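Asks: Got a sequence here, can you build the structure:
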Amino acid sequence: MKQVRLGIIREGKVPNDHRVPLTPKQCKTVEAQYPEVKIVVQPSAIRCFKDEEYEAQGIEINEDLTSCDIIIGVKEVNLEDLIPEKKFMFFSHTIKKQPYNQKLLRAILDKKIQLIDYEVLKDKFDKRIIGFGRYAGIVGCYNGFRTLGLKLGMYELKPANQCANRKEMEGELSKVVLPSDARVVLTGWGRVGNGAREVIDLLPIKEVAPSEFLNKQFDEPIYTHLDIEDYYVPKDGSEFDKGEFYTHPEKYTAVLEQFIEKGTLMYIPCHFWSSKSPFLLTKECLRKEGLKLKVVADISCDIAGPIACTIRSSKIADPVYGYDPVSEAETDFMNEGAIAVMAIDNLPCELPKDASEDFGNELIKNVFPPLFREDPDRVIERGSETDLQGRLMPGFNYLSDYANELDIV
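Replies: Model (predicted):
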């Protein structure tokens, strides 16, 4: 069986990302499961796991990755760290023609690198098989309730990034005290939304059906978890058709406002949103008299998109800003009438060890079998944006203008 050298590159993006694609123990597991695979780890002073922890598991530490066949990381690789004629696997953030990574895709093509992008790795049912979404939901939901405590002045939670791990973070949740009339709305049922539920399930809050949320009175804290047909309806009054919604979202209108108007104290968006879809909470909606909305923990973080108060992303060091519905401008989140917005765009980085372990488990379960063994569903081929000849793969020809534009910014 042909030997394969798998390199783990040092994360070079600034600000620093402490996550890893595989933990030291997972590296040892991979080498045991695939005897033909030898893992080489580039030394790093910023990883959440130290070089010595990899060495303790018998993993080679080496600055030089040129002998590796496949090189994996987490975030975008710096141009100077790209090695020609190799297979690289990382989040490239190029499939939406992101301007800031245009040079990266051009360099990948010029260096004849096969780019396998985590974001487009899908199974035979076209469902994504790997991502950090679960931990975005877990950390984002925790941050939402932390923000609510600050806004109401009822309790204080330790920032997630100051917790040693998820266990310590979850221990902080025992401090949460919610008003008896607290109402929370959660949207999205994917990895992110289900991650958020893992946190909510640890809190003193009861789940109710969407219809109950709209029509019943409760004397205890409640939340409802909405699916897409709960907050979008056909304009013509027909039955909701998920397939039609995804292809023709212009035929639908948003009705999330009716849930926000029912005394909602906090809204946690965890849904996927397309720019073709109608906005969910407009400026006009947020200006309405009588709204009790105090916090929007926008885990989806679509800037200037479906939720009017999400006017920018926030950072781990400064996670919350305020939105004034009257002036439609940013303000101190503690001001009277301001909506506190938590919109951190790199949430899993707050718990790097836990998030890395979860991600590595998905690599081992869903990605490495087709990468190192048979791949009848063409998972790796379909998840490759480029090939080793310096060409875009057929499914990504739409990136041609983006990659070949002469005036690259």
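Asks: Identify each of the strands in the stretch 201-350 of the chain and give its residue range.
Replies: In the stretch 201-350 of the chain, the strands defined using DSSP state E, counting those that start in this stretch lie at 206-207, 222-226, 232-234, 252-254, 266-269, 295-297, 320-324, 329-331, 339-342.
Asks: nearest to Ile108, of those?
Replies: Between Ile108 and these, the shortest separation by CB to CB is 32.6 Å, and it involves strand 266-269. C-beta: built from backbone N, CA, C; applies to glycine.
Asks: and the closest one, what other elements does it pack with?
Replies: helix 133-152, strand 183-187, strand 295-297 (3 or more CB pairs under 8 Å, 6 or more residues apart in numbering; DSSP states H and E).
Asks: Run the chain-centre distance for the shortest one.
Replies: I take that to be strand 295-297. Here strand 295-297 shows a centroid-to-chain-centroid distance of 17 Å under the convention CA atoms, centre = their mean, to the nearest Å.
Asks: Quick one: mean pLDDT for it?
Replies: Averaging pLDDT along strand 295-297 yields 98.
Asks: name the helices or strands packed onto that strand?
Replies: If you count contacts as 3+ CB pairs under 8 Å, 6+ apart, strand 295-297 packs onto helix 133-152, strand 266-269, strand 339-342.
Asks: Which SSE is immediately downstream of the longest one?
Replies: Same thing as helix 133-152. Downstream of helix 133-152, the next assigned helix or strand under DSSP states H and E is helix 166-172.
Asks: Show me what that next one is packed against.
Replies: Counting contacts by 3+ CB pairs under 8 Å, 6+ apart, helix 166-172 is packed against helix 133-152.
Asks: and the helix it packs on, C-alpha only, in CSV?
Replies: Taking C-alpha atoms only, helix 133-152 is exported to CSV below (Å, rounded to 0.1, in the frame of the first residue of the first chain):
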residue,chain,number,x,y,z
GLY,A,133,-20.9,25.0,13.1
ARG,A,134,-21.8,23.0,16.2
TYR,A,135,-19.3,24.9,18.4
ALA,A,136,-20.3,28.2,16.8
GLY,A,137,-23.8,27.4,18.2
ILE,A,138,-22.6,26.2,21.6
VAL,A,139,-20.4,29.3,22.2
GLY,A,140,-22.7,31.7,20.5
CYS,A,141,-25.7,30.6,22.6
TYR,A,142,-23.6,30.9,25.8
ASN,A,143,-22.5,34.4,24.8
GLY,A,144,-26.1,35.3,24.2
PHE,A,145,-27.2,34.4,27.7
ARG,A,146,-24.0,36.1,29.0
THR,A,147,-25.0,39.3,27.1
LEU,A,148,-28.6,39.0,28.5
GLY,A,149,-27.3,38.9,32.0
LEU,A,150,-25.2,42.0,31.4
LYS,A,151,-28.0,43.9,29.7
LEU,A,152,-30.5,43.1,32.5
